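Enquirer: Requesting a structural model of the entry that follows:
(2 chains)
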Amino acid sequence: MAGYIIRRCLQSLLVLVAVTMVVFGILKLAPGNAAQVMAGLSATPEDLAAIEHRMGLDRPIHIQYWRFVSGLFSGSLKPATFPDSMIQLVGRKLLASVELGFVAIVAAVLLSIPAGIISAVYRNTVWDYGVSILSLAGISIPVFWIALMLMVVFGGWLKWLPISGRGDLLYGLSILTADGWRHILIPAMSLTLIQMAMNARLTRSCLLEVLQLDYIKTARSKGLREIVVIMKHAFRNALIPVVTNIGLTAGMVFAGAILTETVTAWPGIGRLVYQAIVQRDEPLLFGLTVIIALFYQLTFLSVDLLYGYLNPTIVYD
Amino acid sequence: MKNIKRLFVVLIALSLLSVTFAVLADGTFTFATAKDATNTDALRGDDHASGMMHYLMYDQLVEFNPQTFEPAPELASAWSWSEDGMTLTMTLVEGVTFHNGEDLTASDVVFSFERMLDPDNASPQRGNYAWLTSIEALDDYTVQFKLDYPFVAALEFISLVMIVPEQAILEMGQEAFELHPIGSGPFKFVEWIKGERYVLERNDDYWMKTPLLERVVMRPIPELSVQALELETGGIDMVYEMAPTDYLRLQNSDDVVTMGVDGFSYTHFSFNLSRSPMSDIRFRQAVVYALDLDGATNALFPGNTASRAYGQLPKQSWANADEYLQGTVALPQDLDKAKALRAELIEDGVITEDQVFTIWTPTDAVRTSLGTILATAMQQVGFQVEVKPTEWGTYIPVLLRQGNPDGEWDIMILSYTGLFDPDYTLYKVWHSSHAFPGTNSNLQMYVNDDVDALLDQARRSGDQVVRKALYQEAQDIVLSNYSVVPVYIAKVMQATTTRVKDFILNPRSFIGLCNQWTNVYLDD
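Expert: Next up is the predicted model:
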């Protein structure tokens, strides 16, 4: 087990190094440069050269790369469009994204798994159709549209919830204050709807598959009650694909749901990525991508470890 | 009796106090921005959002009246020009202090200009001040500008420079200053958290007057429709840019006051004159004949939220010649003429039947739609067209023809934001001295000696009537060449909640919350 974790960490490290190179390469390959955006149309070639020099863009490419990488880990790499340090800014945004993702995923899990079980057990009944229709809608409707509609209904018409932003914070978290909770509901609900839809459908189909296996027949023929058969014997085995899916989407949501965060002005990682792209802030974009990659690695590792708990036949070697 | 009188006085005093307190208690004015700022120092951040906060934190030497567009004194109480128009002497207001308590003197003014002109500081503004030879402090409250040549728009460029404290910046260093900027303006810097909020608080010692607002908060909300919703529900007090649909919808709202005025930014499309067939006037005319520009403007901006542009100057400009130009250069849509011109070009071998033309545009919805309208119109008369919406960071080098002196674009869509003086808008876009690949503003590479002569003459002339005639003639020559086709001037559309009082709309969309013309307050 320990050996497995160490090997996985080394793998992750390799992936991270590759990510830094690829991201840096893409930044440099994209036409134009950051100095150009800053200089605008009316700067003279000398001014442009001066700006490039100040941003270090006139140095050889491998030196620029090294400056980015070492700067990121030593903390000296600063965003081009914000005077403060990158770590502080990114940390704050990461907390906002994780918080939002956490609320959305917990809600999604709590709602979608029972919904999936119900529609599997009561297959081809009104319940099943209801869950299917809702899931289809959740998967098909774009998240930004859902967010906008929630804003119009709960913020504009009913005036129950604030439209956007994060509200009051305690220890950097919204979920610790009443005002913060009111703010998190709309973005969390829009994310939940999508997560829920996918999870419910996945739970349903996996459970149906497991329910047709022989050991379930055995369990039933032993005279076990149906609820015990489903919950104790079938459900746990059906969970693995569902957990994989939750893990994947968690990585995605924690690393910033760009659309949801942009529409609801939730100041998370996704919004920051969007801003960095629009303002062509290369150091920030670089730092963000690496940190997001790191986050994904951590999420995947935890998911892999969770498999072992769910299915003891999985052995790490 | 005496006691009652005293009681009365006390009561009145108390009620006055409570009124003042009521105004101050929730004096937080929040406005939304789609893009967040990029820098707290005017030297570096010259984007719109940063500029708005600079305007509230710093003072300038002169300012332009948002309604009459006349220069007005600010830190400079008076100024005078030498006979030859080459020297400008300004007297500063005495007793102005920065937010850190230090006096603002002539050396701060000199420092503020010189650090912008210093190539090592790499200010993106620097290119606009080629006319300025030197600036010098004659004494503590007098500064003198020496010009390279008489330049009519000098005051306007001077008005764009924010005055910063020399002593503080030298002591703190640039990086620390950007974290804790210090100005002399009506509001002081409190904090800026990128993507969340940018907060200023009242400068109680402001030299001009005491601001009525206690705090000013700029909140980044990327989606304009979400901004409008926030405004409607009172989550914010003001939006400074609006989609036409939101603007028209909110005009009927009881909770919101909408304001609109012709803006200073005109949108046009232009042709790359370095390439064939764009260099052939028949091609350019064919494209213009294919278009219904009135229809396009109305489709893009329902409810008259933009007006057709016939020239390149703002509607408010004293040199605006739109009425004249409408009669001389505007071409009505005529598909037959467009088709005939196209046939002629094919016959002469200038273009081939299936040649594909590229229309480049920025990625925003309005200008992308304009590109599509343009493409559809051209396709209607037989041209093959491809629209290329392009991110700004990629668009600029394409426009500037980096690595390709002839440019890879055929037709491009762009907007220019002018200043009050026509020189700024016309000279840099049309003068041949700006027509070379690299960094420049005459992107279509238009070169015409007559236009050069007219613009040079107008730049050096002090007489507004003479200048107006010169600019009209120059525009007439340029526009009848159809290398550039003005399309529309969009309205600056802003809105506040009803509790915001004394707000004056500025067509350049800077928000003056406390200046010589107004002092905004909240009435709850």
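
Enquirer: Give the closest residue to A:Leu77 in space, chain neighbours not counted.
Expert: Ranked by C-beta to C-beta, 6 or more residues apart in numbering or on different chains and with sequence neighbours excluded, the top spatial neighbour of A:Leu77 is A:Gly71, at 3.0 Å. Backbone N, C-alpha and C define where each C-beta goes, glycine included.

Enquirer: in the helix or strand where the one you found lies, what's buried?
Expert: If you go by DSSP states H and E, A:Gly71 is part of helix A:61-74. Buried residues in helix A:61-74, counted by 16 or more other C-beta atoms under 10 Å in any protein chain shown: A:64-65, A:68-69, A:71-72.

Enquirer: Show the model's pLDDT score for the most centrally placed residue in chain A.
Expert: Central residue of chain A (C-alpha atoms, centre = their mean): A:Val253, 1.7 Å from the mean position. A:Val253 is assigned 77 on the pLDDT scale.

Enquirer: Run through the residues of the stretch 51-200 of chain A sitting next to chain B.
Expert: Residues of the stretch 51-200 of chain A found near chain B (C-beta under 8 Å from any C-beta of the partner chain) are A:51, A:53-54, A:79-84, A:89, A:92-93, A:148, A:151-152, A:155-156, A:159, A:162-166.

Enquirer: which among those end up buried?
Expert: Buried members of these, counted by 16+ other C-beta under 10 Å: A:51, A:54, A:79-84, A:89, A:92-93, A:148, A:151, A:155-156, A:162-166.

Enquirer: so what's the spatially closest residue to B:Tyr141 that is not a sequence neighbour up against?
Expert: In space, and not counting its chain neighbours, B:Tyr141 is closest to B:Leu92: 4.4 Å by C-beta to C-beta, 6+ apart. Each residue near B:Leu92 by C-beta atoms under 8 Å, 6 or more residues apart in numbering or on different chains is listed here: B:61, B:75-77, B:104-106, B:109, B:141-143.

Enquirer: Among these, name the buried ones.
Expert: With neighbours counted by 16+ other C-beta under 10 Å, the contacts of B:Leu92 contain buried members at B:61, B:75-76, B:104-106, B:109, B:141-143.

Enquirer: Which ones among those residues map onto helices?
Expert: B:106, B:109 (DSSP state H).

Enquirer: The buried ones among the contacts of B:Leu92 in strands, which ones?
Expert: Among the buried ones among the contacts of B:Leu92, the members found in strands (DSSP state E) are B:76, B:142-143.

Enquirer: For the residue in the stretch 101-250 of chain A that chain B sits nearest to, which non-adjacent residue is closest in space?
Expert: Closest residue of the stretch 101-250 of chain A to chain B, C-beta to the nearest C-beta: A:Ile163 (4.7 Å). Leaving aside its sequence neighbours, A:Ile163 sits nearest to A:Gly155 (C-beta to C-beta, 6+ apart; 4.2 Å).

Enquirer: quick one: low-confidence ranges for the stretch 101-250 of chain A?
Expert: For the stretch 101-250 of chain A, no stretch is flagged by pLDDT under 70.

Enquirer: Show me where it has its helices.
Expert: A:126-140, A:143-150, A:178-211, A:214-221, A:226-228, A:235-254 (DSSP state H, counting those that start in this stretch).

Enquirer: nearest residue to B:Leu43 other than its sequence neighbours?
Expert: The spatially closest residue to B:Leu43, leaving aside those adjacent along the chain, is B:Ser123, at 5.2 Å (C-beta to C-beta, 6+ apart).

Enquirer: residue contacts, the one you found?
Expert: A:47, B:43-44, B:115-117.

Enquirer: now do A:Gln279
Expert: Counting by C-beta under 8 Å, 6+ apart, A:Gln279 has contacts A:37, A:80-81, B:35-36, B:38, B:47.

Enquirer: Now, those that are in helices?
Expert: Among the contacts of A:Gln279, the members found in helices (DSSP H) are A:Val37.

Enquirer: Just the buried subset of the contacts of A:Gln279, please.
Expert: Buried members of those, scored by 16+ other C-beta under 10 Å, are A:37, A:80-81, B:35-36, B:38, B:47.

Enquirer: and these as TSV, adding pLDDT and distance to B:Ser159?
Expert: Output for the buried ones among the contacts of A:Gln279, formatted as TSV (pLDDT from 0 to 100; distance: C-beta to C-beta, whole Å):
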residue	pLDDT	distance to B:Ser159
A:Val37	75	25
A:Ala80	85	27
A:Thr81	85	25
B:Lys35	89	23
B:Asp36	91	25
B:Thr38	89	21
B:Asp47	83	18
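
Enquirer: Adding distance to A:Trp266 as columns, could you present those in a markdown table?
Expert: Formatted as a markdown table, these follow (distance: C-beta to C-beta, whole Å):
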| residue | distance to A:Trp266 |
| --- | --- |
| A:Val37 | 25 |
| A:Ala80 | 23 |
| A:Thr81 | 19 |
| B:Lys35 | 17 |
| B:Asp36 | 14 |
| B:Thr38 | 21 |
| B:Asp47 | 23 |
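
Enquirer: Please identify which of the residues you listed is nearest to B:Met278.
Expert: A:Val37 (26.5 Å; C-beta to C-beta).

Enquirer: State the distance from B:Arg308 to B:Met378.
Expert: 20 Å (C-beta to C-beta, to the nearest Å).

Enquirer: Just want to know which of these two has more residues nearby.
Expert: Shown here are B:Arg308 and B:Met378; by other C-beta atoms under 10 Å in any protein chain shown, B:Met378 has more neighbours (21 against 16).
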